[in-house]
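Participant: sequence below, structure please.
(one chain, ligands or ions: 1)
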Amino acid sequence: MALRIRGIALPGREEVVLQIEGDRLRTAAGDDGEHVIDGGWLVPGLVDVHSHPGTDKPGDEFDLALFREHMLQHRAAGVLAVRSPGSADPLSHRRHDEPDLPRLVTGGRWLATPGRFFEGFGRDVEEDDLAAAAVEEARASSGWCKIIGDWLPGTPPVPLDALTAAVRAVHAIGGRVAVHCQTAEGAEHAVLSGADSLEHGMHLDHALLPLMAERGTALVPTFTTFAKTVEQLGRGEPEHIRDWLRSGWDGMAATALAAHEAGVTVLAGTDSKPCGDIVGEVEWLIRAGLPPEVALGAASWTARSWLGLPGLTDGGWADVVAYDEDPTVRPAVLHSPSRIVLRGRVVL
Ligand SMILES: [Zn+2]
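Facilitator: Now for the predicted structure:
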């Protein structure tokens with residue numbers, strides 16, 4: 001007997017009846033079938049667009065068992081697709097697309113030029129070799145690469161010409177570029193280079209937001225990880241680093257809101273362990289002033305369309321999370337999904 005799903009589908013809010021065929025959804029015809037979801041609100045599988053499953057802390061080697069554990073933590077929160085912008089996996093880990101685990105969009109290894117990033121954790125490249133390496137990582141992954149665009153204050157960011165050359169080279173093969181930036185100058189270079197996403201974007205000059213909106217450059221503020229970092233400040237870091245982190249954190253909510261208001265796509269990424277805290281990130285976005293519907297979209301339908309993943313449509317993936325109440329009206333319900341279907345199988 002065919003399995004069916006019935007409910008009010010977000011973001012369109014139309015009542016839908018869908019049938020599960022393998023790992024796909026089909027518009028249901030007739031009355032036959034067992035309802036695995038019968039009523040409530042349906043959200044296309046949540047997405048964490050910034051997570052690094054497979055390592056617990058910088059410097060660790062990639063661990064496949066830990067990767068699975070992290071992906072199951074995501075799944076328990078309703079995250080059914082994860083973008084990994086930078087990984088310690090020395091090989092493309094598209095092979096980790098396993099039946100029980102959320103879908104994975106990989107960005108290859110972190111590309112780190114001298115003096116930027118945790119020593120030896122990413123793929124170390126000279127600035128002159130950045131474009132070629134970026135193309136290699138994008139080809140070996142799901143079409144993304146991740147460039148560490150800057151590091152600490154006082155260290156110059158990747159020069160604009162080197163970053164722009166890398167972005168152009170990756171775009172030329174149909175790939176996309178995520179840039180880590182957390183200094184004002186690094187964020188400026190990321191925007192001017194034409195990168196596809198700013199990861200963190202701390203200290204981003206708001207004057208750059210219209211250009212981001214025009215070019216379709218997304219902002220992934222990763223509140224979850226910075227909230228933890230700021231909580232632990234005062235434990236021995238140099239004062240100028242502490243001041244820089246605190247002022248960056250203090251501006252983050254205003255930046256996310258200004259970005260949204262300027263028409264920039266703001267997306268939900270946690271960049272944090274344990275995995276599975278996407279609802280916390282949605283709550284940070286709401287606290288920053290984004291409308292709940294936009295904040296939830298940042299972790300679901302908006303993120304999915306930005307990544308080229310289907311929503312709740314005929315022929316789309318059977319990756320669905322159901323809630324008993326409308327999560328845009330009562331976001332707290334996001335903590336307790338009533339049903340999770342991944343690849344056509346009920347996992348909660
Ligand atoms: Zn990260």
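Participant: residues near residue 160, how many?
Facilitator: A count of nearby residues for residue 160, using other Cβ atoms under 10 Å, gives 15. (C-beta placed from N, C-alpha, C; glycine too.)
Participant: look up how far residue 179 lies from the closest residue to it other than its chain neighbours.
Facilitator: Closest residue to residue 160 apart from its sequence neighbours, by Cβ to Cβ, 6 or more residues apart in numbering: residue 189 at 4.8 Å. The gap separating residue 189 from residue 179 is 8 Å, by Cβ to Cβ, to the nearest Å.
Participant: what does residue 301 give?
Facilitator: Taken as Cβ to Cβ, the span from residue 301 to residue 179 is 24 Å.
Participant: okay, those two: which has more neighbours?
Facilitator: Between residue 301 and residue 179, counted using other Cβ under 10 Å, the more crowded position is residue 179 (31 against 24).
Participant: give the contact list for the more buried one.
Facilitator: 146, 147, 149, 163, 186, 189, 190, 193, 195, 197, 198, 199 (Cβ atoms under 8 Å, 6 or more residues apart in numbering).
Participant: got it, and residue 109?
Facilitator: Residue 109 touches 86, 87, 88, 89, 90, 122, 123, 137, 146, counting by Cβ under 8 Å, 6+ apart.
Participant: restricted to helices, list the residues you listed.
Facilitator: Mapping the contacts of residue 109 onto helices (DSSP state H) picks out residue 137.
Participant: report pLDDT for residue 163.
Facilitator: On pLDDT, residue 163 comes in at 98.
Participant: apologies, that question was intended for residue 93.
Facilitator: Reading off the model, residue 93 has pLDDT 54.
Participant: what's the answer for residue 65, then?
Facilitator: Looking at residue 65, its pLDDT reads 94.
Participant: would you mind measuring from it to residue 54?
Facilitator: 9 Å.
Participant: for those two, indicate the residue with more neighbours.
Facilitator: Neighbours were counted for residue 65 and for residue 54 using other Cβ under 10 Å; residue 54 has more, 23 against 8.
Participant: surely the more buried one meets residue 87?
Facilitator: Yes - the pair residue 54 / residue 87 is scored as a contact, 6.3 Å apart, by Cβ atoms under 8 Å.
Participant: quick check: closest non-adjacent residue to residue 75.
Facilitator: Per Cβ to Cβ, 6+ apart, closest to residue 75 is residue 102, 5.4 Å.
Participant: how many neighbours does that neighbour have?
Facilitator: So residue 102, with other Cβ under 10 Å, has 30 neighbours.
Participant: give me the contact list for the lengthiest helix in the chain.
Facilitator: Secondary structure of the chain per DSSP H: the longest helix is helix 239-261. When contacts are defined by Cβ under 8 Å, 6+ apart, helix 239-261 is touched by residues 152-154, 182-183, 201-204, 206, 209, 212, 219, 221, 223, 226-227, 229-230, 233-234, 237, 266, 284-285, 287-290, 294.
Participant: among these, name the buried ones.
Facilitator: 153, 182-183, 201-204, 209, 212, 219, 221, 223, 226-227, 230, 266, 284-285, 288, 290, 294 (16 or more other Cβ atoms under 10 Å).
Participant: in strands, which of those appear?
Facilitator: Among the buried ones among the contacts of helix 239-261, the ones falling in strands (DSSP state E) are residue 219.
Participant: tell me where the stretch 51-200 of the chain has strands.
Facilitator: Assigned by DSSP state E, counting those that start in this stretch, the strands in the stretch 51-200 of the chain fall at 79-84, 103-106, 110-112, 123-124, 144-148, 176-181, 197-200.
Participant: how about those strands, which one is nearest residue 346?
Facilitator: Of all the strands of the stretch 51-200 of the chain, strand 79-84 sits nearest to residue 346, with 12.5 Å by Cβ to Cβ.
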